[in-house]
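*Asks:* Coordinates only, no sequence provided:
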């Protein structure tokens with residue numbers, strides 16, 4: 001996440017006073033530090049003015065680069081001293097990770113263990129670590145090493161020494177090689193598959209040949225031997241890999257073939273369940289004709305939350321209310337208790353005339369702050385349960401927070417343009433501090449108007465009920481203005497922005513969407529022409545005010561398309577109007593059935609989040625009171641979600 005680039009001179013001056021360093025001194029020392037950090041990254045040590053940065057709050061960053069670049073020719077005492085000195089900063093863990101990697105690469109395993117603090121992050125470092133403890137903790141190292149081995153893609157060269165020793169001591173045996181070969185086959189890693197074939201003896205020739213035949217023609221699985229490899233050791237992993245490919249390629253044919261070959265295979269129940277879970281999932285997703293009876297037969301044995309969810313959604317689509325109750329009852333308790341399924345138990349019981357049971361389920365769902373929790377509360381005619389946490393910090397406590405080293409480092413990093421490092425510093429402190437310390441940092445971020453960082457603070461600190469911080473009044477005036485100008489509910493605009501970018505004005509999605517409201521450059525160009533203004537281009541679109549203006553106009557157009565229906569418009573904002581037009585062809589008579597009919601999980605989650613966020617924003621604007629706030633309008637709740645919802649174009 002990036003910090004907001006709009007920081008007032010007044011706030012900067014106040015922060016300077018709080019930490020006791022004049023702004024002019026900052027300017028001089030920060031310039032030297034910026035230059036020194038860049039030189040350290042380039043290992044240009046003679047370009048660093050050591051006197052100018054002496055005592056600077058960020059001098060540890062230069063020391064970090066110096067030590068990192070000297071590894072592995074640095075004593076463990078030096079490394080540990082740095083770690084201890086900077087234990088309140090991510091610098092400590094970064095240097096620890098670098099030391100593990102460099103000591104491991106050099107084969108200095110005793111040095112590695114001297115600085116390690118349990119299993120490190122990252123595959124290469126883990127391989128070095130488990131190589132280092134293989135003699136002292138052989139069982140733990142062998143189990144971890146085997147898990148690292150069983151990956152369908154190539155692992156780093158750092159893993160070779162570990163894998164070689166595990167192959168030598170028999171931990172990685174021929175069966176483990178074959179299992180990885182199947183994983184590589186599933187992943188389409190042909191070079192790795194060929195390499196692994198070369199590690200297997202002639203006893204595995206038939207298994208290799210069979211896999212090659214099925215790789216060329218998936219249907220050949222029906223004529224594959226029921227026993228593959230020495231003592232049938234290749235059978236289970238082969239059929240799991242082959243059936244996965246077949247299922248995804250042609251689910252109806254795979255299901256038919258499986259019903260033919262399954263009785264002839266001697267598989268463990270867990271292996272058979274893995275194959276049938278995948279088949280059941282795709283049979284429901286792809287609505288395979290005639291598959292429902294088979295799915296219902298195997299489903300109780302699969303222990304699969306995702307397939308049970310699909311089965312309930314299928315029952316909802318067919319208005320089979322007794323089936324809804326039956327399949328929710330098959331869910332594990334933790335899944336059943338979700339407000340979503342409690343709500344649907346309420347709806348099903350209501351449809352079947354069991355009002356008392358329906359009310360009990362609605363009451364349980366309504367305790368949750370969510371789309372279905374709010375929908376259940378409306379069924380009961382009671383206020384929403386926001387479970388709002390209030391936090392109070394006075395100016396004295398805020399000044400103490402401002403003097404914390406992490407805050408001073410974060411501020412300094414922001415001043416020299418190192419927003420990424422600033423976020424790392426900040427979130428490290430949040431994750432490693434006490435709940436009260438994390439909340440003090442959240443309060444500080446709120447008063448600095450670091451909107452994006454504030455949201456990330458609540459996530460890192462698990463502050464789920466601190467709604468004032470999770471949903472701050474970021475860019476409120478702009479949302480109110482452009483909401484009024486376009487006739488769009490401003491709280492809807494806030495909710496979409498919160499979901500899309502969490503207030504990061506320079507957010508860039510993998511698909512290329514940009515800015516607060518995550519507009520594609522092409523969309524921004526079209527809307528700009530519609531408004532008669534210049535095309536902002538891929539960088540101009542990042543301007544918060546313009547992004548909100550264009551996003552508001554784009555959402556208005558979607559609302560007009562669906563006669564003001566915010567649920568359909570939100571779905572179109574996420575998935576595109578063409579898909580929503582198609583989904584409306586399913587003819588759902590109520591908003592909740594329409595939500596469950598959306599085939600894309602991302603969009604189902606999106607519309608629920610946006611509409612519940614909208615409730616939260618409006619409630620917070622009312623001082624945390626949800627009275628008079630509604631999840632949807634009467635029209636949005638009562639209208640049929642069919643093609644008639646489309647306005648005539």
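*Replies:* Received it, and whenever you're ready, just let me know what you need. These figures come from a predicted structure and were not determined experimentally.

*Asks:* What residues sit buried inside the longest helix anywhere in the chain?
*Replies:* Identified as the longest helix of the chain according to DSSP state H is helix 601-621. Neighbour counts over helix 601-621 (16 or more other C-beta atoms under 10 Å) mark 603-604, 606-621 as buried. Yep, even glycine has a C-beta here, placed from its N, CA and C like the rest.

*Asks:* Which residues does the following helix or strand past that helix contact?
*Replies:* Heading C-terminal from helix 601-621, the first helix or strand you meet, by DSSP states H and E, is helix 634-638. With C-beta atoms under 8 Å, 6 or more residues apart in numbering as the test, helix 634-638 has contacts from 378, 564, 565, 566, 567, 590, 591.

*Asks:* With stretch 195-209 instead?
*Replies:* Contacts of stretch 195-209 (C-beta under 8 Å, 6+ apart): 174, 177, 178, 180, 181, 184, 225, 228, 229, 230, 234, 238.

*Asks:* same question, stretch 481-488
*Replies:* Residues contacting stretch 481-488 (C-beta under 8 Å, 6+ apart): 489, 490, 492, 493, 548, 549, 552, 553, 555, 556, 559.

*Asks:* close enough to count as contact, the fourth one and residue 553?
*Replies:* No: taking contacts as C-beta atoms under 8 Å, residue 493 lies outside contact range of residue 553: 10.8 Å.

*Asks:* So which of the two has more stuff around it?
*Replies:* Remark: of residue 493 and residue 553, residue 493 carries more neighbours, 26 against 17, as counted by other C-beta atoms under 10 Å.

*Asks:* in what helix or strand does that one lie?
*Replies:* Going by DSSP H and E, residue 493 is part of helix 490-500.

*Asks:* again with residue 356
*Replies:* Short version: residue 356 belongs to helix 355-365, going by DSSP H and E.

*Asks:* which secondary structure elements does the helix holding residue 493 contact?
*Replies:* helix 476-486, helix 544-561, helix 566-575, helix 601-621 (3 or more C-beta pairs under 8 Å, 6 or more residues apart in numbering; DSSP states H and E).

*Asks:* returning to that earlier point: any chance of TSV for the contacts of stretch 481-488, columns pLDDT and distance to residue 298?
*Replies:* Output for these, formatted as TSV (pLDDT from 0 to 100; distance: C-beta to C-beta, whole Å):
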residue	pLDDT	distance to residue 298
489	97	46
490	98	50
492	98	43
493	98	46
548	98	50
549	98	53
552	98	49
553	98	50
555	98	44
556	98	48
559	97	44
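
*Asks:* residue ranges with poor pLDDT in the chain?
*Replies:* Low-confidence segments of the chain (pLDDT under 70): 1-28, 648-649.

*Asks:* re earlier: mind putting the contacts of stretch 481-488 in a markdown table, distance to residue 400 included?
*Replies:* As requested, the contacts of stretch 481-488 are exported to a markdown table (distance: C-beta to C-beta, whole Å):
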| residue | distance to residue 400 |
| --- | --- |
| 489 | 40 |
| 490 | 36 |
| 492 | 39 |
| 493 | 37 |
| 548 | 36 |
| 549 | 40 |
| 552 | 41 |
| 553 | 45 |
| 555 | 43 |
| 556 | 46 |
| 559 | 47 |
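
*Asks:* Tell me where the stretch 301-450 of the chain has helices.
*Replies:* Assigned by DSSP state H, counting those that start in this stretch, the stretch 301-450 of the chain shows helices spanning 305-317, 321-329, 333-336, 339-351, 355-365, 371-380, 395-402, 405-415, 419-432, 435-447.
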